[in-house]
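K.L.:
Here is my input; please provide its structure:
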Amino acid sequence: MVVLDASVILQIPFEEEFTRHARLLVKEADSIEAPHILWYEVGNGIVKLHRRKLIDEYGAVESLGRLMQIPIRLVETDIPSTLSLAVELQITFYDAAYVDAALQLGTELYTADNLLYERALRRIEANHIGRI
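P.N.:
Numbers count the residues shown, from 1 in each chain. Down below sits the predicted model:
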């Protein structure tokens, strides 16, 4: 079981720096977990790519649809705990939700976000997708 953040999921449909690593991780994980905000963050990342004209609308919809086929179990996070983690680790509330999910589940977090990786290490086992 692993927790993946949106930065890892967004590597999968596009040829990004860590695409190969992300695809392999998804293929080999026995189960993937993420907080409920995952699809909102992934969707927002796809919208940003569309606004920068890196993908068209069809590509955006197609990419999100394919990603949503990945068997990811969405978990509730504890809102007060998430807020405390965000303040303690000096990260966004959104990023803290992934840390909280990993803490609750007693598992490791994978991310492509350097800051989240460095800060999460203070509380959980965290892995940068580029280092696997």
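K.L.:
residues near the residue lying closest to E57 once chain neighbours are set aside, how many?
P.N.:
Closest residue to E57 apart from its sequence neighbours, by CB to CB, 6 or more residues apart in numbering: H50 at 6.6 Å. In this view, the C-beta of every residue, glycine as well, is placed from N, C-alpha and C. Residues within reach of H50, counting by other CB atoms under 10 Å, total 16.
K.L.:
H50: what's it in contact with?
P.N.:
H50 makes contact with 56-57, 59-60, according to CB atoms under 8 Å, 6 or more residues apart in numbering.
K.L.:
is it true that V8 touches Y117?
P.N.:
No - using CB atoms under 8 Å, V8 is not in contact with Y117; the gap is 10.9 Å.
K.L.:
Show me which of these two is the more surrounded one.
P.N.:
Legend: neighbour count by other CB under 10 Å for V8 and Y117, higher for V8 (27 against 20).
K.L.:
closest to R73 among the contacts of H50?
P.N.:
Using CB to CB, A60 comes nearest to R73 of the contacts of H50, at 24.6 Å.
K.L.:
quick one: the strands in the protein?
P.N.:
Remark: strands assigned in the chain by DSSP state E are 2-4, 32-35, 72-75, 108-111, 126-128.
K.L.:
among those strands, which is the most enclosed?
P.N.:
strand 2-4 (a mean of 26; mean count of other CB atoms under 10 Å).
K.L.:
Contacts made by it with the rest, please.
P.N.:
25-26, 29, 31-34, 72, 98, 101-102, 105, 107-111.
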